[in-house]
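Colleague: Everything below, folded, please.
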Amino acid sequence: MNAPPDVEYRIAHLKERLAAEETGDLGIRIENRGSSVTVIGAVPTVHSRAALMDTVNEELAGLTVHFDVVVAECAAPDHPEEVI
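Modeller: This next block holds a predicted model:
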């Protein structure tokens with residue numbers, strides 16, 4: 001089954017929206033894979049992942065979307081590194 005003809009346009013619009021939003025998720029890849037769309041990448045927080053998923057689901061409503069988005073740990077270390 002093929003995706004509707006406007007999928008590439010909707011993906012392009014989504015990429016523009018993600019780049020313009022507060023989080024500026026430029027490291028996210030969005031790929032059209034026939035009958036579905038896959039979102040791949042890493043985000044800094046759980047909150048930004050949830051916001052990304054909400055935005056994607058809003059923009060690509062009606063399409064099957066698979067998420068492969070991980071939260072990258074950006075917290076400062078809680079102890080000094082031991083160098084041996």
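Colleague: so where do the strands sit in this protein?
Modeller: Ranges of strands in the chain, per DSSP state E, are 29-33, 36-43, 64-71.
Colleague: got TSV for those, with distance to residue 5, mean pLDDT and mean neighbour count too?
Modeller: (Each C-beta comes from the backbone N, C-alpha and C, glycine too.) Below are the strands of the chain laid out as TSV (distance: least, C-beta to C-beta, whole Å; pLDDT from 0 to 100; neighbours: other C-beta atoms under 10 Å):
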stretch	distance to residue 5	mean pLDDT	mean neighbour count
strand 29-33	11	93	13
strand 36-43	14	94	18
strand 64-71	16	94	14
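Colleague: Wait, residue 37 touches residue 62, no?
Modeller: No. Residue 37 is beyond contact range of residue 62, at 10.9 Å (criterion: C-beta atoms under 8 Å).
Colleague: roughly how far out does stretch 57-64 sit from the chain middle?
Modeller: Relative to the chain's own centre, stretch 57-64 is displaced by 13 Å; criterion: C-alpha atoms, centre = their mean, to the nearest Å.
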